[in-house]
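*Asks:* coords below, sequence missing:
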């Protein structure tokens, strides 16, 4: 009883129309202003890129502009760490939604230093620390960057050093979270090294198209494309998708699942990576944020896209 | 790139094998003992029933025994209330996962009386109260029961009065939650009436097969079967599925989504309703519970079923 | 090195001057408006009464007007319960300051139903319940009233039934607290009876002078006056004074101890009972409240009184 | 109606007897073991020193052994900061009891980075930071040490560098608290400097007699002895006493006020400073701690001392 699959032609029209609709929006949210390099970004930008199973990319808007992927990087470090450590990863970080803002420390105290999932800041710091148990700090960062380039099939992806520096200078809350976890042994390495790597991988800059490309392995059960090279086990790809659906948008994760119905992960740079399993990987960017720190237009654009394509994971197939 | 659809014949083998596996399990969890009628249930029971789009039912185990559906009833009252009130329902109850146990009052205090979602007790009480704004208490209960019979296509479903009475006598925490919300105006009717209806709909008794039948409308975008009579709007059916996936298993909702990958709702009677959109509605029952109050064997059986059928909503389609 | 004791004559001047100062204040706080009988009280009232060891009363303002003592009654029920049950009282209620508003339920959940002290609402309800283990509800209330009349040496003290009724109709938060404690076994009797007695003793009406008289036993180590009849053991009187100092003014208890330096207990009716051990018992009333629910002028009047008399318990003696 | 003042002779007997009683105790608590220099201390030690208004010292036990004063140092930094900054100090730190363990971060999140009082760790770090707004780090530490030597009238007081170093290496929770406050602007200087000074002043080592001497200014309204040189304003000395009574013993502050009835401040080194306003300053030490981190024998010894001397601030005077 599945709906008719969306043809590339129809998808092209849909994507173009969505970009036009978004261009007409007046409520574009508020650009993140806690560090200067993010505060300077023009809120007028919008980009949407959809990569299909055969590699076709359908896009509209500012798809060649780079933005800071911020928390979207948590998806890639989780994939890398899961690949290295396997299921034992879950002894350091939970997999339940938190329902709290991204940087709350309350949950950490009540649950004795164990972050509730890998997508709240504390959890992502714990995941980063676990990568550091296999690599020296510089190597770890190289490994992460190389992983992102590999899954995106694009060597032209880099870290923005100005963003990393700004984060490091003002990231007091993250330093607090990391030290708190160090107290409980969730983190075992030197806190500064873990945070150094964390702040840097959050500062990876990509275009919406690169982001969509980098998300393909989640759409195809761990392979770069249907039948293509395997990145991680199918089971792990589905686990990551699950976490994106239940915890990918801070304290609006439920809302995103509700209105979009796709696994997605947002970052305060205004990027969102979304995945329609078996159908497409999607990169979206618009720097204005809603109150929970998710891209205002990005969320709406993805809602429209899911609506018109019928890609919701909750639709009958 | 979707996996081959599961034939009825293969599904029959899978269901039978799962029932056998479960019969061999020694860790069956612990039967709920907070009220005598539940405490008396034999932990040896297990039932699994799968209803396919064409109405075929494949089942194994104690599928003709009735059990108390408890919190699974929250799905039906939510569907009924959404049908009556539409989107304005969401001004009384949130849709974010809570990450907390089912009966926590802490979240309610911090969020000024607004329950985080309709599947924690506070939220379900608020939903019940909203039904009472259209009906008198007795009528409301009749309406709920009639709704469940209608979606199950089975008049032989009733409320167990002994369970309802026991709940009412010992439900101090729920009385506390309801009065707390009354203080904030989330509930506007007389608290006793709302709780009376709530305790009674939690005491609905059904078989695993009846439960599966009653869940079909969630599998087919709001219709009783593909192309069949519409119960609620497609959009609402997907919303309920989303909530089941993100919040259906108390503080193990993430875990269930992780290991099963299907929308599901559990109750302390040991029942679980699960939905594979477009594929099947599933009723499962085994009274022994894990630490979070979800059926121990039920959770495992559904994990095996999803694994073998490839029905996870996170699998490529 | 103690300061010179304050003579009755000088005290008379001090009390008169304070009343004049208070009459000139323009910021008088906000009268409690959650029930009509309190909301109707004229914010212009002010009364201050000081009873010396020899029974001399020095007063100014509206000292013959009755007001609803509300939470000040918690002092008398605690004294009565301690007298009956002795130290085993402390297995039902803690003695640590809470730092939270008077009606928070969060602490109760984290400490598994044990209220942190007898002066937050939950604690006072638990104390009331413990009185009900010795008496039938009606008797209990009679016993409490008789105790207050006895310590005040005044039969002309009664409960205001309109206030009690209003409390009962709107006291959803207290009903929530009581049921929450019933769930944990902190309260063992029928919740309605306990709350009935609680709402009624909070509705006791007294004048500032009667309140000061009723507090004498706390100023003289448990005796009605120096060398007079003993009401409770000296140890218990000091315990109650300690609790009044550390927890007597909700989330401003520290502030009151800081600025006044005397054990005191406030109520939302605008009354405050304060005690200068060995020197005086003080009743004060002004219905306008500050943001924490304590009498705005009452707090300031007592600060001035302590300043001019040198009665602070933290002053050298 | 005050009790007869205690003569020096009788006090001598009392102190000796208490030391004997404590020597006979078998439950001596558990020595702090989170850093090696504290873990190595022999739990058999006990010291009690009482300094009277005329300078007479009455002591028993190991009164010439130095111990790490730890959190007791918070009293001296608060006095120094209050003297420098006056009442504006209270815009950076509250004065309400917290009711929580000494190192909780939950309260900080709910109250947006403002520590509830100067005696929880977060509050003491904020006080230390405020001293750093007038001095360079090294100077600040010198200033603190000089202040302690001055009030103790003893140049032979120093910082134990091994303790300071150990604290710094393992103080992840304090680093978390400080960074958390830095995020909210409660702390404005470089976090490492503030923590450096904090860890060092906690590592001051003193004998019980030196501690008693250093506490005299709190017993005499801010003067070193009755009529002696003024250290801080009388009002401030009483404020500090108030805070010691309401918040001086972590989550057992109420209990200490209840059983001892004197302002007191404990440290995890096993030291307690207590003050009987106008009567005496008291230093006590025994390294074994109760579950809340207060000296087990120290608490009991002070309870006996208050009982036999009648020094409770809640006793009639």
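*Replies:* Done, it's in. What you are looking at is a predicted structure, and each value in this text was computed from that prediction instead of being measured. Numbers count the residues shown, from 1 in each chain, chains lettered A, B, ... in the order given.
*Asks:* For the nearest residue to residue A:254 once chain neighbours are set aside, pull up the helix or strand it's in.
*Replies:* The shortest distance from residue A:254 to any non-neighbouring residue, by C-beta to C-beta, 6 or more residues apart in numbering or on different chains, is to residue B:96 (3.8 Å). The C-beta positions use only the backbone N, C-alpha and C, and glycine is treated the same way. According to DSSP states H and E, residue B:96 maps onto no helix or strand at all.
*Asks:* just residue A:64 next, same as before
*Replies:* Going by DSSP H and E, residue A:64 is not in any helix or strand.
*Asks:* hang on, the earlier thing: which residues does the residue nearest to residue A:254 contact?
*Replies:* A:97, A:99, A:251, A:252, A:253, A:254, A:255, B:116, B:117 (C-beta atoms under 8 Å, 6 or more residues apart in numbering or on different chains).
*Asks:* Would you double-check that the last one falls in a strand?
*Replies:* No - the assignment for residue B:117 by DSSP: H, G, I helix; E, B strand; the rest coil gives coil, which leaves it out of any strand.
*Asks:* where in chain A is pLDDT low?
*Replies:* Filtered on pLDDT under 70, chain A yields the residue ranges A:1-4, A:99-103.
*Asks:* Quick check: residue A:261 touching residue B:238?
*Replies:* Yes - using C-beta atoms under 8 Å, residue A:261 is in contact with residue B:238, at 6.3 Å.
*Asks:* shared neighbours, these two?
*Replies:* A:312, A:314, A:315.
*Asks:* Show the buried residues in these.
*Replies:* A:312, A:314, A:315 (16 or more other C-beta atoms under 10 Å in any protein chain shown).
*Asks:* Got phi/psi on the second one?
*Replies:* Residue A:314 adopts backbone torsions of phi -100, psi 0, taken as degrees, to the nearest 10.
*Asks:* Settle this for me: residue A:80 is touching residue A:134, isn't it.
*Replies:* No - using C-beta under 8 Å, residue A:80 is not in contact with residue A:134, being 9.8 Å away.
*Asks:* ok, residue A:63 - how many residues close by?
*Replies:* 22 (other C-beta atoms under 10 Å in any protein chain shown).
*Asks:* Could you measure from it over to residue A:144?
*Replies:* 24 Å (C-beta to C-beta, to the nearest Å).
*Asks:* just residue A:9 next, same as before
*Replies:* For residue A:9, the distance to residue A:144 - C-beta to C-beta - is 37 Å.
*Asks:* Compare these two (neighbour count), which wins?
*Replies:* A direct count of neighbours by other C-beta under 10 Å for residue A:9 and residue A:144 places residue A:144 higher, at 23 against 9.
*Asks:* which secondary structure elements does the host helix or strand of that one contact?
*Replies:* Residue A:144 belongs to helix A:137-152 when elements are defined using DSSP H and E. Other helices and strands packing on helix A:137-152, by 3 or more C-beta pairs under 8 Å, 6 or more residues apart in numbering or on different chains; DSSP states H and E, are helix A:73-85, helix A:121-131, strand A:158-159, helix A:191-202, strand A:204-206, helix A:208-214.
*Asks:* How far does the fourth one sit from its chain's centre?
*Replies:* Think helix A:191-202. 17 Å (C-alpha atoms, centre = their mean, to the nearest Å).
*Asks:* Show residues contacting it.
*Replies:* By C-beta under 8 Å, 6+ apart, helix A:191-202 touches A:68-71, A:73, A:76-77, A:124-125, A:128-129, A:131-132, A:137, A:140-141, A:144-145, A:159, A:163-164, A:167-168, A:171, A:174-175, A:178-179, A:182, A:187, A:267, D:172, D:175.
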